[in-house]
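**Student:** Need the 3D shape of this:
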Amino acid sequence: MLGADLPSLTTGLRGLAYWEIEVTGPNRDLHSGHFGGAVANPVNVLCELLSRVKDADGRICIPGFYENVEEVSPEEREMIARIPFDEAAYKAAIGVRELAGEKGYSTLERNSCHPSFDICGIWGGYTGEGSKTVLPSKAYAKVSCRLVPHQDHEKISRLFVEYIQQIAPDTVTVKVTPMHGGQGYVCPISLPAYRAAERGFEIAFGQKPLAVRRGGSIPIISTFEQVLGIKTVLMGFGLESDAIHSPNENFPLDMFRKGIEAVTEFHLAYDELTK
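**Tutor:** Here you go, the predicted structure:
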């Protein structure tokens, strides 16, 4: 949720595509003095390849990537702009001086309803204590894209593989392995179940929840829609302070109790609305 005193319901999730890249140069680690400047360094090449995925404005350069991206309507952008957001507190909470993202979009648009590309991990060569002057044989990276509804993760995965192979130089061998992915999702706020969730949250938290899109991915939600033909109402109670995926991940007991109340009231309200 947006905050302990600012309840919100999630109306959209981004999809996901994830790959591992392996770049191979010489058949073994080489002495950087004897071979440096004459043989392509796989770590250097990998960095160059990854630097060409986005341009200076933060736009993803993969041909065809934006073909199915549905631009957020002016009405929804206005709704997003009304969401209380303290940029200074946001930066302070994660310890950064400035934010970054594709030009022309707000922070809340960038991290919820617009695609993104990130390097999740990168390694190669000598990483132990002290120094060792090697020109490494291999370099690796794990990368991902968060996708928006209507972007098919399998198509995007294929386009990414083709793009990296296309721009890769002949001085190395590049292998791109798709790992996993999922579709994005949007929940209409006109659904009886969504309106029941609104009522449940309002009772539990004392105020009507805001409708917000979220940048994370829950691929099974889109699978429910594709296979079962049903929508899902996303009633999450997590907070930024929960530090999800971090060593001190936590969940306040007060939110746990209010969540129980909200879910109970949701079922009662849904029964009323669907009689």
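**Student:** Break down the stretch 151-275 of the chain into its helices, ranges please.
**Tutor:** With DSSP state H, counting those that start in this stretch, the ranges of helices along the stretch 151-275 of the chain come out as 153-167, 192-205, 219-223, 253-273.
**Student:** Mean pLDDT lowest where, among these?
**Tutor:** Here the helices of the stretch 151-275 of the chain differ in mean pLDDT, and the lowest is helix 219-223 at a mean of 88.
**Student:** still on that earlier bit, to residue 59, which of the helices of the stretch 151-275 of the chain lies closest?
**Tutor:** Across these, the minimum distance to residue 59, taken as CB to CB, is reached by helix 153-167, at 13.8 Å. Glycine gets a C-beta too; all of them are placed from N, C-alpha and C.
**Student:** helices and strands around that closest one, which ones?
**Tutor:** Under the contact criterion of 3 or more CB pairs under 8 Å, 6 or more residues apart in numbering; DSSP states H and E, helix 153-167 touches strand 15-24, strand 138-147, strand 173-182.
**Student:** List the buried residues for it?
**Tutor:** With burial defined by 16 or more other CB atoms under 10 Å, the residues of helix 153-167 counted as buried are 153, 156-157, 159-161, 163-164.
**Student:** do the same with stretch 163-182
**Tutor:** Residues of stretch 163-182 classed as buried by neighbour count (16+ other CB under 10 Å): 163-164, 168, 172, 174, 176, 178, 181-182.
**Student:** for stretch 43-62, same thing?
**Tutor:** 43-47, 49-50, 53-54, 58, 60, 62.
**Student:** In the residues you listed, which has the lowest confidence score?
**Tutor:** Lowest in pLDDT among the buried residues of stretch 43-62 is residue 58, which has 94.
**Student:** pretty sure it contacts residue 114?
**Tutor:** No: look at residue 58 against residue 114 with CB atoms under 8 Å: they stay out of range, at 9.7 Å.
**Student:** Turn the buried residues of stretch 43-62 into CSV, columns for secondary structure and distance to residue 232.
**Tutor:** CSV is the format used below for the buried residues of stretch 43-62 (DSSP: H, G, I helix; E, B strand; the rest coil; distance: CB to CB, whole Å):
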residue, secondary structure, distance to residue 232
43, helix, 42
44, helix, 45
45, helix, 43
46, helix, 38
47, helix, 40
49, helix, 37
50, helix, 34
53, coil, 31
54, strand, 32
58, coil, 31
60, strand, 28
62, coil, 29
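**Student:** In these, find the pair that's most separated.
**Tutor:** 43 and 58 (23.9 Å).
**Student:** May I have stretch 118-136 exported as CSV, CA atoms only?
**Tutor:** Below are the C-alpha coordinates for stretch 118-136, written out as CSV (Å, rounded to 0.1, in the frame of the first residue of the first chain):
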residue,chain,number,x,y,z
ASP,A,118,17.6,-3.6,-15.6
ILE,A,119,20.8,-5.5,-15.2
CYS,A,120,20.2,-7.8,-12.2
GLY,A,121,23.7,-9.2,-11.9
ILE,A,122,27.0,-9.1,-13.8
TRP,A,123,30.2,-11.0,-13.2
GLY,A,124,33.4,-12.3,-14.9
GLY,A,125,37.1,-12.4,-14.6
TYR,A,126,39.0,-12.1,-11.3
THR,A,127,37.0,-10.9,-8.3
GLY,A,128,39.0,-12.2,-5.4
GLU,A,129,41.2,-10.2,-2.9
GLY,A,130,44.1,-8.3,-4.3
SER,A,131,44.9,-8.0,-8.0
LYS,A,132,45.3,-10.4,-10.8
THR,A,133,45.9,-9.1,-14.3
VAL,A,134,43.7,-11.3,-16.4
LEU,A,135,41.8,-10.9,-19.6
PRO,A,136,38.9,-13.1,-18.8
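**Student:** Could you shift the numbering so residue one becomes 6, and keep it that way?
**Tutor:** All right, first residue 6 from here; so that's stretch 123-141.
**Student:** neighbouring contacts of that stretch?
**Tutor:** With CB atoms under 8 Å, 6 or more residues apart in numbering as the test, stretch 123-141 has contacts from 23, 28, 30-31, 34-38, 40-41, 44, 46-48, 51-52, 55, 143-151.
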